[in-house]
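J.: everything below, folded, please.
(one chain, ligands or ions: 3)
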Amino acid sequence: MIKIRKTHVGVLSGAALAVSAAALLCLPSCEQGSSAPSAGASPFARPFPMPHGYWKKTDEFYCFASGGQQGGIYVYGMPSMKLLSEIPIFNVDPRWGWTTANPEVREMMTNPRTGEVLISGDTHHPVLSRKDAKYDGKWLFINDKRNARIARMNLATFRTEEILWMENVPGGMHGFSSGPNTELLIGNIELESYPAKEIRDYLGAEVDIDLIKGPYVSCVFGVKVAPDGTMKTAWQVWGPWQYDLARAGWGESDGWFINTAYNTERSVNTVGMFKRPEDYVFYWNIASIEKAVADGKFITTEEAPDVPVIKWSDIELYAAPCPLNPHGLDIDPTGRYALSSGKATTLVRHYDFRKVKTAIEEQNFIGEEFGVPIIDKEAISGDIDTGLGPTHIEYDNEGYCYIGFFVDSDVKKVALGDPWDKKHGHEPWSVVDTIPAHYSVGHLMVPGGDSAEPYGKYLVIMNKLTKDTFLHHGPLICENHELYDIETVPAPLIDQMSLPPESHYAQGIPVSLVTQHAKSVYDLPSTLPTPGVAYDYDNKKATVTMTCVRSFFTPDMFTVPQGWDVDVQIQNVEMSLDMTHGWALTGYDVMESIDPGEHKTLQFKATHEGVFWYYCLWFCSELHMEMRGRMIVIPEAEWTPELEWSALK
Ligand code: CUK
Ligand code: CUA
Ligand code: CA
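T.: Ligands and ions are numbered 1, 2, ... in the order given. All right, here's what the predicted structure looks like:
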């Protein structure tokens, strides 16, 4: 690849775009010689006709983007920016076989505190599992901001396996991060709460909680992840503040986690949250939390008898000033620098963890609040003043960070300090490129950008506003994920991708790290179930054991007395790639999807009488329409055992 290195800051020049674009034409498939397909006149045109498997061969990364109010994950390939899948998590979605008729899904969606089934959520920060602070491609975790939940997806199947409901808090979970080895996940609560009396009493009068007027309190928590992925809350540290974003350290900052608070004012309204010119970044020593647990310095609550609740004043915690209402908080690949943005300012503050450690050792504090020492900012940090509304930060493998500006609608590429200056050769913390975005930048993503080993090459800018970029589609407008080539300066725009609302953060991982674990079909059970219907007169329940294969449901008819519970246990016996069947029941709110080899249970009540067809949802064969069967619901008064399926079949 031809590299263009220009140090000037500015918008794309036409000539630079043409040259770097020409370089980009050398996609892998065109490198194979003269028989390669030719591209059109546009610098980023695709070959035509498309060779078979073109996208599969040319995509280098998977991108997992949070869906926000979509409640799950969007999956696309990079650099094609082709949408591949959605992973349903908190929102019901029959397209992906994710409905509350399935008892496994319903259980994950059931609030253990209230027994209520919640069918919506708000996903923000996807976290890939990692080993030695590098992605391992096993699992993907994400938080639900609304309900303080963490979900774990298995990347072998791209399906959710577990949802953990955080104890003792109603919701408002925001910052979420993995330690370098995904044995410990760290999260924190953004929206302060009025916790159970045990916790209020434990924190004491010092934090001054009031149900109506506030202030309230909040917590950070650790979640242990077992080798099989199972999650369990390890501890919570409650204290006077709320916290926005969080990062568990690695490398030089291993053993610590860092988070931001924008409402150190402890206000309950917007204006009040804006009173101080500086809020805090907090440094938490994880070993001190584990020691507090070991020393028995905690309480538990009736709701969560096995979750240690620790007081902020019983652990090692430090505050460092951060410009007005910080948002973005991200750690560089060495783990040494943490950058945070004063979102209501022009300032991004870079904290040097080496200096933070020294300042703590030397007790270089300028005061304290709620007993928490405040580190002298002059000793540990410096400011980058380069644009309005700095929001999020991401890193590459060459010693640069990328800072997104919501108000300026651009991204600044900034050279990091020692030791990266020896690699990039620029003045530390100087701007080396300004990348225009469309419009109002939220998160940014460089593949591997939140790990010790960024893969670099591409930058995805996730814009919060799209305005006039795509065709009109009503007042609610799609998102715009913009793909840039960051191997050249200025960074050319490669593609723009429309995506339904609303991504926050994303993770990019090399294709091979995911495909090494990939499952194309589920494993069939060693003995296949025998189709049939069992009637349980004591519990008024009919259990239908069903198989499906192109183009039959077996049985293709069953009877049930009205008012009974129905359990349809359905086994897709296909072992062919892409042979998913559906099970849609007319007249009832039951609609499911069963992948090849998959076994699903569907539960509902046969509430109304008559003949109800069930049919396959996916166009699976030329006899797809014929792939259907009947559920016949008979009023209980008219029911006799002669009407059982086995007598009629
Ligand atoms: S947040 Cu949405 S753009 Cu939840 Cu990471 Cu900043
Ligand atoms: Cu099975 Cu259509
Ligand atoms: Ca504030």
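
J.: please make it C-alpha for all contacts and neighbour counts, starting now.
T.: Fine.

J.: tell me how far the residue nearest to residue 639 when sequence neighbours are not counted lies from residue 60.
T.: With C-alpha to C-alpha, 6 or more residues apart in numbering as the measure, residue 561 is the residue that lies nearest to residue 639, at 6.2 Å, once sequence neighbours are left out. As for residue 561, its distance to residue 60 is 55 Å (criterion: C-alpha to C-alpha, to the nearest Å).

J.: which one's more surrounded, those two?
T.: Regarding residue 561 and residue 60, a neighbour count based on other C-alpha atoms under 10 Å identifies residue 561 as having more, with 27 against 18.

J.: next one: that one, what pLDDT does it get?
T.: At residue 561, the pLDDT value in this model is 98.

J.: what of residue 38?
T.: The per-residue pLDDT reported for residue 38 equals 50.

J.: residue ranges of each domain in the chain, please.
T.: Under the assignment named as automatic domain parsing, the residue ranges that make up the domains of the chain are 1-32, 532-648.

J.: now do the end-to-end distance for the last one.
T.: Counting by C-alpha to C-alpha, you get 12 Å between the two ends of domain 532-648.

J.: anything in it near ligand 2?
T.: Yes - for domain 532-648, a contact with ligand 2 is found by C-alpha under 6 Å from any ligand atom, at 550-551, 581, 616-620, 624.

J.: including pLDDT and secondary structure, could the residues you listed go into a markdown table?
T.: Below are the residues of domain 532-648 next to ligand 2 laid out as a markdown table (pLDDT from 0 to 100; DSSP: H, G, I helix; E, B strand; the rest coil):
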| residue | pLDDT | secondary structure |
| --- | --- | --- |
| 550 | 96 | coil |
| 551 | 94 | coil |
| 581 | 98 | strand |
| 616 | 98 | coil |
| 617 | 97 | coil |
| 618 | 97 | coil |
| 619 | 97 | coil |
| 620 | 97 | coil |
| 624 | 97 | coil |
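
J.: quick one, which of the residues you listed are buried?
T.: Among the residues of domain 532-648 next to ligand 2, those scoring as buried are 550-551, 581, 616-618, 620, 624 (criterion: 16 or more other C-alpha atoms under 10 Å).

J.: run a quick neighbour tally on residue 134.
T.: By the criterion of other C-alpha under 10 Å, residue 134 has 18 neighbours.

J.: wait, it sits on residue 182?
T.: No - using C-alpha atoms under 8 Å, residue 134 is not in contact with residue 182; the gap is 10.1 Å.

J.: can you tell me which residues contact the nearest residue to residue 108 once chain neighbours are set aside?
T.: Leaving aside its chain neighbours, residue 108 sits nearest to residue 163 (5.7 Å; criterion: C-alpha to C-alpha, 6+ apart). Listed by C-alpha atoms under 8 Å, 6 or more residues apart in numbering, the contact partners of residue 163 are 108-109, 149-152.

J.: same question, residue 501
T.: Under the criterion of C-alpha under 8 Å, 6+ apart, the contact partners of residue 501 comprise 67-70, 477-479.

J.: check which helix or strand covers it.
T.: According to DSSP states H and E, residue 501 maps onto no helix or strand at all.

J.: any idea how far residue 71 is from it?
T.: With the distance defined as C-alpha to C-alpha, residue 501 ends up 10 Å from residue 71.

J.: which residues touch residue 266?
T.: Under the criterion of C-alpha under 8 Å, 6+ apart, the contact partners of residue 266 comprise 215-216, 240-242, 273.

J.: would it count as being in a helix?
T.: No - the secondary structure assignment for residue 266 gives coil rather than a helix, going by DSSP: H, G, I helix; E, B strand; the rest coil.

J.: against residue 213, how distant is it?
T.: 11 Å.

J.: tell me which stretches of the chain form helices.
T.: For the chain, applying DSSP state H gives helices covering 14-24, 54-58, 103-108, 197-203, 286-294, 353-361, 377-380, 420-424, 511-515, 645-648.

J.: can you lay out those as a markdown table showing distance to residue 601 and mean neighbour count?
T.: Written out in a markdown table, the entries for those read as follows (distance: least, C-alpha to C-alpha, whole Å; neighbours: other C-alpha atoms under 10 Å):
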| stretch | distance to residue 601 | mean neighbour count |
| --- | --- | --- |
| helix 14-24 | 49 | 15 |
| helix 54-58 | 33 | 14 |
| helix 103-108 | 7 | 18 |
| helix 197-203 | 40 | 15 |
| helix 286-294 | 41 | 17 |
| helix 353-361 | 51 | 15 |
| helix 377-380 | 57 | 16 |
| helix 420-424 | 55 | 15 |
| helix 511-515 | 28 | 16 |
| helix 645-648 | 19 | 12 |
